[in-house]
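Q: here's a sequence, model it:
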Amino acid sequence: MIDRTDKLASPPVDSEEIAQSRLVPQLRMMIAALWSSRVRNTLLALAAAIFLTVAATAYGQIRLNSWNKPFYDALAHRELKEFLVQLGVFAVIAGALLALNVGQRWLTEMMKLKLRQGLVHDLVENWMQPGRAFRLANAGPIGVNPDQRMHEDARHLTELSADLGVGLLQASILLITFISVLWALSNGFAFHIGGRDIVIPGYMVWAAVLYSGSASLVSYWVGRNLINRNSERYAREADLRFSLVRVNEHIDAITLAAGEADEARRIEVDFAAVLTAMRRLVTGVTDLTWITAGYGWFTLVAPILAAAPLYFAGNLTFGGLMLASGAFMQVQSSLRWFVDNFSTIADWRATLLRVASFRRAVLSIHEMHEVEGRIAFVDGETSNFSIDDLGIASPAACTKLQERHVELKPAERVLIEVESGAGRTLLFRALAGLWPWGSGRITRPKGAAILSMPRSAYLPPGTLREVLSYPSAGDQFDAKVLAQALERLDLQRLVPMLEETRNWEREMSEEEARSIQFARVLLHAPAWVLIDEVLGNLDGATLKTAVDVFAKELAHTGVIYIGSPDSDEHLFGRVLHLIKDADSRKLAPYKPAAAAAHA
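A: Numbering: from 1, shown residues only. The predicted structure is shown next:
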């Protein structure tokens with residue numbers, strides 16, 4: 001279930017946060033994540049293979065460029081025999097380059113696969129550390145749509161990283177190899193101006209640098225806002241996806257309330273935001289295309305124009321002109337890699353920002369509100385469950401337990417009455433160890449099993465056996481024991497479905513889903529069970545059965561029940577009180593810890 005309620009305020013932007021959103025810290029963190037992943041050795045092997053393949057391809061392209069001179073000279077001199085020989089040479093070189101291109105494509109696609117495997121495994125593993133996902137969900141905008149960050153953004157980031165990385169490597173190797181060729185061709189040429197000879201060593205190299213450098217600078221100036229526009233688009237796409245998922249999850253309630261028109265309006269608002277972001281992106285890409293396409297068309301004649309002085313001065317044959325033109329093309333193409341890929345680089349940078357920011361938040365979430373007071377969670381040496389001077393802070397309000405010291409003995413049952421607006425769910429989360437912000441101490445018996453029962457039953461995907469055994473493995477309980485638990489909670493109709501996999505959230509009624517919760521407690525027989533107002537939502541027969549289970553099979557299980565006074569008080573021997581605490585300081589907005597960026 002996706003939930004945006006009770007989120008903390010968006011953190012203010014400061015210089016430290018800006019520093020950690022820059023490229024180098026983010027790259028360092030993502031490389032560290034991949035370096036520590038289980039696919040590190042495979043990534044290194046693929047990187048080495050790609051380097052060797054690209055280097056071999058560069059060598060083949062040098063040979064192909066050198067082939068231009070004898071081939072075009074044979075054409076210029078009408079030498080048929082030499083022409084045919086050079087065609088054969090071309091076939092050999094082109095065949096080898098074809099094989100290398102196919103190999104490079106396979107290696108690049110495998111690199112994408114392994115990069116995604118390593119990155120997603122790292123993100124999921126860190127996200128699923130105890131308590132992290134919950135705290136992140138309550139940390140403001142960074143905790144919204146984590147599925148988008150780990151699925152779509154991670155996929156997009158790894159694919160772009162592989163393509164751009166291989167492209168940059170290839171451009172760099174070609175630049176190094178062809179600069180020497182171009183320098184040698186134009187090293188001794190002198191311009192005759194006003195009766196004087198002006199020698200510019202390797203002038204064609206400098207011409208390529210000047211041509212490509214100007215293109216890069218103009219492209220950066222025109223397209224630098226694409227990073228923010230791409231990031232904005234991904235954020236709005238995530239909001240739209242959230243709206244669609246939310247409607248699908250609550251379609252029953254929406255239909256019963258005839259609220260389709262209102263939900264359609266909400267979706268339209270989110271979709272309009274997506275379209276607005278896309279329009280801004282289209283404008284930026286269009287402006288950039290004027291530069292990239294303009295330089296692209298001029299590139300058709302730029303190599304010939306650069307080499308023409310050498311040709312007309314008699315320093316080059318026609319074949320030499322084509323050789324110089326090809327070398328110039330390779331050099332300026334390598335130098336223009338930034339220009340040709342600027343839009344893709346902006347997309348990559350925006351995606352890296354989203355994924356790296358998410359990972360940094362996941363790693364630093366344990367330091368959330370570090371300056372605020374913390375509830376002390378202690379493992380007690382006795383079997384008692386005790387609460388001392390408990391106060392709970394939240395962004396909305398503060399609450400506290402009226403009784404300053406509470407000592408609960410094993411198998412004791414206590415009802416905690418909640419004052420209106422006092423934050424029942426906050427107390428439930430605090431007692432479960434999920435919400436640490438506040439004051440006081442909670443001492444739980446060391447090693448004792450404590451099972452928490454939220455208001456909404458969670459039915460994970462899988463067989464009914466797995467749903468019933470959750471959070472234990474499905475094979476922990478014998479089928480006969482599972483059947484007895486279902487029958488005890490009046491769920492006999494589900495017994496034949498134990499080994500079936502269905503969408504149980506839709507297969508069961510709300511009453512049956514709550515009964516499944518009590519069946520789990522019966523199976524696990526914990527020392528303590530913490531309940532968030534579940535009994536008050538049961539009908540008469542189900543409530544009577546649940547109370548009877550606690551009175552008989554679970555007579556040795558202690559119960560801490562947070563709910564209304566109208567709950568079945570025959571189950572409880574004591575009553576405590578949760579009240580508002582107007583004198584305490586509210587929880588400050590979350591501010592990520594910058595130090596975690598280097599983790």
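Q: quick one: list the elements packing against the lengthiest helix in the chain.
A: Using DSSP state H to define each element, the chain has its longest helix at helix 80-127. Where contact means 3 or more Cβ pairs under 8 Å, 6 or more residues apart in numbering; DSSP states H and E, helix 80-127 is packed against helix 23-35, helix 40-76, helix 132-137, helix 154-186, helix 342-364. All C-beta atoms are positioned from the backbone trio N, CA, C, and that covers glycine.
Q: lowest average pLDDT across those?
A: Note on the helices and strands packed on helix 80-127: lowest mean pLDDT is at helix 132-137, with a mean of 76.
Q: helix or strand next in line after that helix, which one?
A: Sequence-wise, the next helix or strand downstream of helix 132-137 (DSSP states H and E) is helix 146-148.
Q: got the buried residues for that following helix?
A: By 16 or more other Cβ atoms under 10 Å, the buried positions in helix 146-148 come out as 146, 148.
Q: ok, stretch 229-244 next?
A: Going by neighbour count (16+ other Cβ under 10 Å), the buried part of stretch 229-244 is 229-243.
Q: pick out the lowest-pLDDT one from these.
A: Ser231 (76).
Q: secondary structure element holding that one?
A: Using DSSP H and E, Ser231 falls in helix 226-249.
Q: quick one: neighbours of Trp337, just the number.
A: By other Cβ atoms under 10 Å, the residues close to Trp337 number 20.
Q: wait, it touches Ala171, no?
A: Yes: in this structure Trp337 lies within contact range of Ala171 using Cβ atoms under 8 Å: 3.9 Å.
Q: hmm, back to that, just how off-centre is the longest helix of the chain within its chain?
A: Taking Cα atoms, centre = their mean, to the nearest Å, one finds helix 80-127 lying 28 Å from the centre of the chain it belongs to.
Q: quick one: terminal-to-terminal distance for stretch 497-509?
A: The straight-line separation of the ends of stretch 497-509 (Cα to Cα, to the nearest Å) is 15 Å.
Q: for that stretch, buried residues please.
A: 497-498, 504-505, 508.
Q: one step back: for Leu486, state which of the buried residues of stretch 229-244 is nearest.
A: Phe242 (35.2 Å; Cβ to Cβ).
Q: for burial, what's the neighbour tally of the residue nearest to the closest one when sequence neighbours are not counted?
A: Ranked by Cβ to Cβ, 6 or more residues apart in numbering and with sequence neighbours excluded, the top spatial neighbour of Phe242 is Asn145, at 5.7 Å. By other Cβ under 10 Å, the residues close to Asn145 number 24.
Q: do you know how far Asn145 is from Arg246?
A: To Arg246, Asn145 is 11 Å away according to Cβ to Cβ, to the nearest Å.
Q: give the contact list for the residue nearest to Ala58 when sequence neighbours are not counted.
A: Nearest in space to Ala58, with sequence neighbours left out and distances taken as Cβ to Cβ, 6+ apart, is Ile173 at 4.6 Å. By Cβ atoms under 8 Å, 6 or more residues apart in numbering, Ile173 lies in contact with 54-55, 58.
Q: which SS state does Arg441 fall under?
A: Under DSSP: H, G, I helix; E, B strand; the rest coil, Arg441 falls in the strand class.
Q: would you mind measuring from it to Leu244?
A: 44 Å.
Q: in the chain, which helix or strand is least confident?
A: Here the helix or strand of the chain ranked lowest by mean pLDDT, DSSP states H and E is helix 15-20, holding a mean of 44.
Q: turn the buried residues of stretch 497-509 into CSV, columns for distance to Leu305, secondary structure and pLDDT.
A: Converted to CSV, those look like this (distance: Cβ to Cβ, whole Å; DSSP: H, G, I helix; E, B strand; the rest coil; pLDDT from 0 to 100):
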residue, distance to Leu305, secondary structure, pLDDT
Met497, 78, helix, 92
Leu498, 79, coil, 91
Trp504, 72, helix, 87
Glu505, 69, helix, 83
Met508, 76, coil, 89
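Q: spatially central residue in the protein, please.
A: Arg149 (2.6 Å; Cα atoms, centre = their mean).
Q: tell me which stretches of the stretch 301-450 of the chain form strands.
A: Along the stretch 301-450 of the chain, the segments classed as strands by DSSP state E, counting those that start in this stretch run 376-380, 385-393, 398-401, 405-408, 413-418, 438-445, 450-453.
Q: turn those into JSON lines, columns for mean pLDDT and distance to Arg22.
A: Formatted as JSON lines, these follow (pLDDT from 0 to 100; distance: least, Cβ to Cβ, whole Å):
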{"stretch": "strand 376-380", "mean pLDDT": "89", "distance to Arg22": "37"}
{"stretch": "strand 385-393", "mean pLDDT": "90", "distance to Arg22": "33"}
{"stretch": "strand 398-401", "mean pLDDT": "87", "distance to Arg22": "37"}
{"stretch": "strand 405-408", "mean pLDDT": "92", "distance to Arg22": "50"}
{"stretch": "strand 413-418", "mean pLDDT": "91", "distance to Arg22": "46"}
{"stretch": "strand 438-445", "mean pLDDT": "90", "distance to Arg22": "35"}
{"stretch": "strand 450-453", "mean pLDDT": "90", "distance to Arg22": "41"}
